[in-house]
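# need coordinates for the following:
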Amino acid sequence: MNEKKVSTKREANKTEALMAKYGIYVSLAVLLVLYFMPLPNGMTEVGQKSLAIFLFALIMWVTKPIPIYLTSLIAILILPLTGAVESTKVAFGTLGFEVIWLMVAAFVLTSAMNQTNLGKRFALNMVTKYGRTPKALLAVLVVVNFALAFFVPSTTARASLLVPIVLILLEIYQALPGESKFGKLLMLQGVQNNHFATSMIMTATSGQVIAIGFINEMTGASLGYMDWLIGSMPQAILTAVVMFIIGLKIFKPETLASDMKAVNGRMTSQLAELGAMTTREKKAAAYFALTLFLWATGDYQKALLGFELGTTQVAVLSMVLMLMPKIGVIEWKEANIKWDLMLFSAGAYAVGNALNDSGGATWVIDGLVNRIGLDLLPHSVVAVVLIFISVFSHIIFTSKTVRTTILIPATVTLAVSLGMEPVPIALAVAFGIAYTTTLPPHSKVNTLYFSTGYFSVLEQLLFGLLASFVGSVMISLVYFLWLPIIL
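Modelled structure (predicted):
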């Protein structure tokens, strides 16, 4: 298929360049001031050290004077050296956390989907069979985005799969970039539905896997794949439906120059180029189906089989099958595992857990609660404020993993200090982490769609802010009406 190539790389803007230039000096200044200042009332010495290292790492992660994984390695090194944690085993042991294994497995599964063309075949099949009118095509692409999230645990991979297909559709429609309302809507909804679908599936982005790890680690809960799916599905689907309707009102598709027969013919031709489904694809499909089945039946396995496979165990089992000689579908060299993200995550867990275990996080949250007066507000108001902060925080912090590291431990600590049940509110806040909808630089997905030229920065900003508001409302409704039933 002659696909138009679009790049996800971009140059740093002036603000980012300044942050990178001066970030290291600011972070070192914060580290030294907090580390050596007199011990505040109510703060332990270990808590003070942990807070200093946490803020140093956080500033470095946000400003990025060096790669974020190097900052994590530095943090892991200095935690035991300063006595912020008891031993090197505590600091270095985070790389062995179950959540790290889950992310490794997720990257292998993504690689298997991409290498076998299974995802491309699925998307083309859906478009050719069900996209018979412009409105139907829009709806089909929503469904495809959501369906792919189950199988392709990478937001960028899903966008890279769909953008070339959408470009072909728009080319056949003679929908011109920057002019066609249909083109704007197709691309903008592609951006948004990628994020909505991501928020529904725990493994669809590593930030959500990290969030579950924090919640389970800090509260003693044992949330898994199905808990997230059942909890988040209503808000993701409702937000997608509402924005689908709003999008059709704002960007009413014009009369198109080409009919659906031409579109269907071109897509059918691209599907034909893939040929018959290969043995490799069939094996990949079988392994994905097995993975989903085991995840979905986790609560019943012990009664039926005498044992239960956890979310991570199932993912690793699937990874083994995908990589196994003769019966597998990819080789190790084809597995695109982002080890830099693994190291970043290990560092994030190390400093986050150190801050929590030392009492530093509790001291900070208690101070904020008293100053702002959150303890005087109804718990329902606090919950809504936290959910809105989670969804809109991507405007300031573009990295989902950084936002997770900031928001989830803070939410759990705040909930405990206010006497709220920490698991439901932390889970609701985690649902909002995937909402990075407002500007092209906020994610590679946004950049990928924006680079096609079909919509402007202002159009994405306004449509994205609207989507973020709708999403915040839906997550709030889920928190109040749905999570109390299922948790």
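
# switch to C-alpha atoms for all contacts and neighbour counts from now on
OK.

# what is the burial count for Leu73?
Using other C-alpha atoms under 10 Å, Leu73 has 19 neighbouring residues.

# again, but for Trp332
By other C-alpha under 10 Å, the residues close to Trp332 number 13.

# surely it meets Leu323?
Yes: with contact defined as C-alpha atoms under 8 Å, Trp332 counts as touching Leu323 (6.5 Å).

# what sits against the residue sitting nearest the centre point of the chain?
Geometric centre of the chain, nearest residue: Thr205, 3.5 Å, by C-alpha atoms, centre = their mean. Shown in contact with Thr205 (C-alpha atoms under 8 Å, 6 or more residues apart in numbering): Pro153, Ser154, Thr155, Thr198, Ala434.

# my read is that the third one contacts Ala204, right?
The reference is to Thr155. Yes: the criterion here is C-alpha under 8 Å, and Thr155 meets it with Ala204 at 6.9 Å.

# and the pLDDT for Val62?
Looking at Val62, its pLDDT is 80.

# for it, grab the count of nearby residues.
Other residues close to Val62 by other C-alpha under 10 Å number 19.

# helix or strand for Trp363, which one?
Trp363 belongs to helix 360-372 when assigned by DSSP states H and E.

# I'd like the next helix or strand past that helix.
For helix 360-372, the succeeding helix or strand toward the C-terminus, using DSSP H and E, is helix 379-392.

# which other helices and strands does that following helix contact?
With contacts taken as 3 or more C-alpha pairs under 8 Å, 6 or more residues apart in numbering; DSSP states H and E, helix 379-392 sits against helix 400-418, helix 422-431, helix 457-481.

# just say which of the ones you listed is most tucked in.
helix 422-431 (a mean of 26; mean count of other C-alpha atoms under 10 Å).

# taking helix 400-418 as reference, get the angle to that helix.
Between helix 422-431 and helix 400-418, the angle comes out at 150 degrees (axes from the mean of the first three to the mean of the last three C-alpha atoms, to 10 degrees).

# could you check how far helix 422-431 is from the centre of its chain?
Remark: helix 422-431 is offset 15 Å from the chain centroid, using C-alpha atoms, centre = their mean, to the nearest Å.

# now do stretch 387-398
The answer for stretch 387-398 is 13 Å, by C-alpha atoms, centre = their mean.

# neighbouring contacts of it?
The contact list for stretch 387-398, computed with C-alpha under 8 Å, 6+ apart, reads 62, 400, 403, 407, 428-430, 432-436, 438-439, 441-443, 468-469, 471-472, 475-476.

# contacting residues around Ile66?
Neighbouring residues of Ile66 by C-alpha under 8 Å, 6+ apart: Ala20, Met60.

# and it, helix, strand or coil?
Using DSSP: H, G, I helix; E, B strand; the rest coil, the structure places Ile66 in coil.

# quick revisit: closest to Met103 among the contacts of Thr205?
Pro153 (9.2 Å; C-alpha to C-alpha).

# what's the pLDDT at the closest one?
66.

# going forward can the numbers begin at 26, since that is how I track them
From this message on, residue numbering opens at 26, which makes the last subject Pro178.

# and for the residue lying closest to Phe456 once chain neighbours are set aside, the neighbour number?
Excluding its sequence neighbours, the residue lying closest to Phe456 (C-alpha to C-alpha, 6 or more residues apart in numbering) is Ser224, at 5.5 Å. Ser224 has 28 neighbours, counted by other C-alpha under 10 Å.

# contacts only, for Ser224.
Applying C-alpha under 8 Å, 6+ apart, we find Ser224 in contact with Gln233, Ser257, Ala261, Phe456, Gly457, Ile458, Ala459, Tyr460.

# ditto for Leu263
If you count contacts by C-alpha under 8 Å, 6+ apart, then Leu263 has Met499 around it.

# quick check: pLDDT value at it.
Predicted confidence (pLDDT) for Leu263: 98.

# same question for the one 3 residues further on.
Reading off the per-residue confidence, Val266 sits at a pLDDT of 97.
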